[in-house]
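Undergrad: Next come a sequence and a model predicted from it.
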Amino acid sequence: MSKQLWNYLRSRVQVVTSDGKVIKGFVIDFIDEMDNDEQDEITILIDNPSPDEPTEISLFETEISTIQEVK
């Protein structure tokens, strides 16, 4: 089932990954499934990352359990 990730481009989101991790941030990029091994992908600029964590993360649609826009 498609999560229509393109709708979240340039939006602040909260994502729960398939392994239960919660990520909050700003969606800075979207790659369509036609360009990316048949899966949509988004890149999120993470809010307040700790010094030993990356500042952004890319997630395939199958890695996302839930996604919602936040203010």
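TA: Perfect, thanks for sending it. Numbering: from 1, shown residues only.
Undergrad: In this structure, which strand is the longest?
TA: Secondary structure assigned by DSSP state E gives strand 22-31 as the longest strand of the chain.
Undergrad: burial count for Lys24?
TA: 13 (other C-beta atoms under 10 Å). For glycine as for every other residue, the C-beta is placed from the backbone atoms N, C-alpha and C.
Undergrad: Numbering from 378 from now on, please.
TA: I'll keep to 378 as the first residue from here, and by that count the last item is Lys401.
Undergrad: That one is in contact with Val447, isn't it?
TA: Yes. If you go by C-beta atoms under 8 Å, Lys401 and Val447 touch, sitting 6.9 Å apart.
Undergrad: Could you name every residue contacting both of those two?
TA: Arg389, Val390, Gln391 (C-beta atoms under 8 Å, 6 or more residues apart in numbering).
Undergrad: Only the buried subset of the residues you listed, as a ChimeraX command please.
TA: A single ChimeraX command selects the buried members of these (16 or more other C-beta atoms under 10 Å):
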select :389,390
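Undergrad: export the shared contacts of Lys401 and Val447 to a markdown table and tack on pLDDT and secondary structure?
TA: A markdown table is the format used below for the shared contacts of Lys401 and Val447 (pLDDT from 0 to 100; DSSP: H, G, I helix; E, B strand; the rest coil):
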| residue | pLDDT | secondary structure |
| --- | --- | --- |
| Arg389 | 98 | strand |
| Val390 | 98 | strand |
| Gln391 | 98 | strand |
